[in-house]
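Engineer: curious how this folds, go ahead:
(chains A and B)
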Number of protein chains: 2
Amino acid sequence: MVIGPHLPQGLTTPATLVLADRLERNLTRMAAFAGESRIALRPHAKTHKCVEIARRQMELGALGLSVATVGEAEILARKRDSRAYTASEVTDVFVAYPLWADDELLRRLGRLADRVQVTVGADSAQAVERLAPIARDLRVMIEIDCGLARSGVTPAGVTVVAQAAERINLELSGVFTFPGHSYGPGAGAGAAEDEARVLAEAAEILVASGFRCEQRSGGSTPSARLVRPGTLTEIRPGVYVFNDAQQVELGVAAMDDVALMVASTVVSRPASDRFVLDAGSKVLGPDRMSWATGHGRLADWPHARVVGLWEHHAVVELQGRGPALGEIVAVVPNHVCTAVNLVADLLVVDGGSVVERWPVAARAANR
Amino acid sequence: MVIGPHLPQGLTTPATLVLADRLERNLTRMAAFAGESRIALRPHAKTHKCVEIARRQMELGALGLSVATVGEAEILARKRDSRAYTASEVTDVFVAYPLWADDELLRRLGRLADRVQVTVGADSAQAVERLAPIARDLRVMIEIDCGLARSGVTPAGVTVVAQAAERINLELSGVFTFPGHSYGPGAGAGAAEDEARVLAEAAEILVASGFRCEQRSGGSTPSARLVRPGTLTEIRPGVYVFNDAQQVELGVAAMDDVALMVASTVVSRPASDRFVLDAGSKVLGPDRMSWATGHGRLADWPHARVVGLWEHHAVVELQGRGPALGEIVAVVPNHVCTAVNLVADLLVVDGGSVVERWPVAARAANR
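Structural biologist: Just a heads-up that it's a prediction; the model follows:
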């Protein structure tokens, strides 16, 4: 099987391609799930970093965007009538991160909050207190750890943070978590249960302590569609727009749900069962979880394994017939969020041709 | 011990810093080794991608640059009198990669060869044949595999490639290899021996078959200074300019030889022995070899271990006293080549202040 129609003629490689039909299907499917489940969808824009995709997510009913940094929000939530970007649909952003705001970040948050609704994450009283100078312009969500052991308080730790918000008159919207332990074979359902249980506990503690807690926000791509109605108020999946080899190997997506691929040329064939591609870690991203079968997958060669990855070489093992020297193949990155962040533009492919070039507008907006 | 003097006041994080004094010492030391050993130094520019560093390498006696892509050569070998860049010292580049040249790449190679000496790598007769239209403007080096099992022919396979070059009147400079299996604990010396032996075998076969073979090019940072005089004619280390956590953990560099660090803020302290930094895989790079102690190291907290890495979170475990919430620490990436490629600029620190901002000019020049 050759994916031919998806690979336009005359590509120079490596090139990061978005398959427009699959992207649209992924966007629509998640929007439909959220609509049917009566859960708000606040997609995480760190995956795509593109104004064009953010806008389409809003058109399909997203409540707003999740972002990881203030910089992503500044770029993706610009007004449609500004000169640089036209994404006026994004009027509500949630910086789903335990922000530590220094003076520069406070100034930027303040300016951002002048034009859109801004909610930030926090997991300590000290971090909340830093927001005091702009507290009346913001809302805050308290981060809860539901099993990942990254940032976030335990449910019992939530009141200390809420009290800090109350002291500075910062509106508390609710609680959020990232069930990142969903990233393991068969782990999605358990992570979704942890997330719902822990957010419910935290919300209950807040309400019992006299605080409001309207929002319970969670949701990663592997767990989002396992969320039961009535448990969360919003989900924040990111990867679902493109999917990637991780999602395929977790069983969350099929290979033909993958909407982003790196076109790559076979540059070397040193052995009959081994060849080398010109897509390396500087375009695929070096991410590899312990359970991954390799450093990405080849869309049209399901038995191939990417056994080695260097900056400009992917070494592929494949028994039997494989692509010839000079042939172009489609490589699916392990983790699409880091792959997108490595390129200036995404080439949008529709009907076998490159129809558009979307800037990765928030590329490297790490702050 | 606090690295204080190296972290300027008022930094916004994450920020990728270059310590000017350490960079200069690393550059000088490798240049001195090459000079004393009478081996030409052709530094690999994929590590730094900076015009400023390329120029300093040339001033210190480098023969030319190694690059991974034609794009890197185009950017780093611009003439000093051109408006965009002033690196006229770079008049000789070696694309140390098994290039597969399509028509677009042939045009670009031809234009590049109009202004500087260009040598390209090849490991098959077919790849050589594609160079026919511009053969008289180039030289070629044949890639030999000395144990990495990536690209490259065996020494016995060298004549077929040399014959292809002869047929198209492409000048053969010699043979090259990348002893990447030097990247393992205690593996440097063995890899350096493999490299010397395999290049000598290939050169001998070429000469016995009536070909010239003047160059034997090798050398990675872990093996470069283990090369014995008289074995190689040139070395191509890249990482040595900055070093990184991999080099420290391999014993190739000391922590105070590390010239690039990511300033990062403690944003969360969810447990007494665990804290979270705002430098994640989108600024440190996700690389982690099997023998690494974690996802990078903290320069001033030698017992700390970066046990988890997400796009914007590094989770650090440390028993006892550690940095406080809001404190800025210096993180040493595992693999500096991918870390540099993630940012637009490097902040150059000298005497405790940011004195310059160097563009990562060849960032994402993957083609």
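Engineer: kindly report the residues of the stretch 101-250 of chain A close to chain B.
Structural biologist: A:102, A:104-105, A:123-124, A:126-127, A:130, A:145, A:149-153, A:180 (CB under 8 Å from any CB of the partner chain). The way it works is simple: take the backbone N, C-alpha and C, and place the C-beta from them, glycine included.
Engineer: can you find the helix or strand of chain A with the lowest average pLDDT?
Structural biologist: Ranking every helix and strand in chain A by mean pLDDT, DSSP states H and E puts helix A:221-224 at the bottom, with a mean of 91.
Engineer: mind listing what the helix or strand following that helix pairs with, with the direction of each?
Structural biologist: For helix A:221-224, the succeeding helix or strand toward the C-terminus, using DSSP states H and E, is strand A:234-235. Looking at strand A:234-235 with DSSP bridges, its partner strands are strand A:40-41 (parallel), strand A:215-218 (parallel).
Engineer: partner strands of the longest strand anywhere in chain A, with direction?
Structural biologist: Secondary structure assigned by DSSP state E gives strand A:260-271 as the longest strand of chain A. If you go by DSSP bridges, strand A:260-271 pairs up with strand A:15-19 (antiparallel), strand A:274-277 (antiparallel), strand A:328-332 (antiparallel).
Engineer: about what we covered before: deepest-packed of the strands paired with strand A:234-235, please.
Structural biologist: When these are scored by mean count of other CB atoms under 10 Å in any protein chain shown, the highest mean neighbour count falls to strand A:215-218 (a mean of 26).
Engineer: give me the pLDDT value at A:His6.
Structural biologist: Here, the pLDDT recorded for A:His6 equals 64.
Engineer: and for A:Gly35, the neighbour number?
Structural biologist: 13 (other CB atoms under 10 Å in any protein chain shown).
Engineer: from chain B, how far off is it?
Structural biologist: 28 Å (CB to the nearest CB, to the nearest Å).
Engineer: then A:Leu131?
Structural biologist: Distance of A:Leu131 to chain B, given as CB to the nearest CB: 13 Å.
Engineer: thought that residue was touching A:Val118?
Structural biologist: No. A:Leu131 is beyond contact range of A:Val118, at 10.6 Å (criterion: CB atoms under 8 Å).
Engineer: what do those two both touch?
Structural biologist: Common contacts of A:Leu131 and A:Val118, defined by CB atoms under 8 Å, 6 or more residues apart in numbering or on different chains, comprise A:109, A:138.
Engineer: can you tell me the SS state at the residue nearest to A:Leu309 when sequence neighbours are not counted?
Structural biologist: In space, and not counting its chain neighbours, A:Leu309 is closest to A:His295: 3.8 Å by CB to CB, 6 or more residues apart in numbering or on different chains. Following DSSP: H, G, I helix; E, B strand; the rest coil, A:His295 is assigned to coil.
Engineer: number of residues surrounding A:Glu214?
Structural biologist: Counted with other CB under 10 Å, the neighbours of A:Glu214 add up to 10.
Engineer: ramachandran angles for it?
Structural biologist: phi -80, psi -30 (degrees, to the nearest 10).
Engineer: residues touching the closest residue to A:Val160 other than its chain neighbours, list them.
Structural biologist: Leaving out its chain neighbours, the residue that sits closest to A:Val160 by CB to CB, 6+ apart is A:Ala125, at 5.4 Å. Each residue near A:Ala125 by CB under 8 Å, 6+ apart is listed here: A:160-161, A:163-164.
Engineer: just those residues now: which is nearest chain B?
Structural biologist: The closest of those to chain B turns out to be A:Val161 (CB to the nearest CB; 11.4 Å).
Engineer: could you dump the contacts of A:Ala125 into JSON lines with secondary structure and pLDDT added?
Structural biologist: Below are those laid out as JSON lines (DSSP: H, G, I helix; E, B strand; the rest coil; pLDDT from 0 to 100):
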{"residue": "A:Val160", "secondary structure": "helix", "pLDDT": "98"}
{"residue": "A:Val161", "secondary structure": "helix", "pLDDT": "98"}
{"residue": "A:Gln163", "secondary structure": "helix", "pLDDT": "98"}
{"residue": "A:Ala164", "secondary structure": "helix", "pLDDT": "98"}
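Engineer: tell me which of the strands paired with strand A:260-271 sits nearest to A:Gly308.
Structural biologist: Set against A:Gly308 and scored by CB to CB, those come closest in strand A:274-277, at 8.8 Å.
Engineer: now the closest one, how far from the centre of its chain.
Structural biologist: 30 Å (CA atoms, centre = their mean, to the nearest Å).
Engineer: contacts for it?
Structural biologist: By CB under 8 Å, 6+ apart, the surrounding residues in contact with strand A:274-277 are A:264-270, A:313-318, A:322-323, A:325, A:329, A:331, B:98, B:149-151.
Engineer: again, only this time at 6 Å
Structural biologist: A:264, A:266-269, A:313-317, B:151 (CB atoms under 6 Å, 6 or more residues apart in numbering or on different chains).
Engineer: now these as CSV including pLDDT and neighbour count?
Structural biologist: Formatted as CSV, the contacts of strand A:274-277 follow (pLDDT from 0 to 100; neighbours: other CB atoms under 10 Å in any protein chain shown):
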residue, pLDDT, neighbour count
A:Ser264, 97, 27
A:Val266, 98, 20
A:Val267, 98, 27
A:Ser268, 98, 29
A:Arg269, 96, 22
A:His313, 98, 24
A:Ala314, 98, 29
A:Val315, 98, 23
A:Val316, 98, 27
A:Glu317, 98, 17
B:Ser151, 97, 27
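Engineer: can you add distance to A:Gly218 and give those residues back as JSON lines?
Structural biologist: As requested, the contacts of strand A:274-277 are exported to JSON lines (distance: CB to CB, whole Å):
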{"residue": "A:Ser264", "distance to A:Gly218": "36"}
{"residue": "A:Val266", "distance to A:Gly218": "42"}
{"residue": "A:Val267", "distance to A:Gly218": "43"}
{"residue": "A:Ser268", "distance to A:Gly218": "45"}
{"residue": "A:Arg269", "distance to A:Gly218": "47"}
{"residue": "A:His313", "distance to A:Gly218": "39"}
{"residue": "A:Ala314", "distance to A:Gly218": "34"}
{"residue": "A:Val315", "distance to A:Gly218": "38"}
{"residue": "A:Val316", "distance to A:Gly218": "37"}
{"residue": "A:Glu317", "distance to A:Gly218": "39"}
{"residue": "B:Ser151", "distance to A:Gly218": "45"}
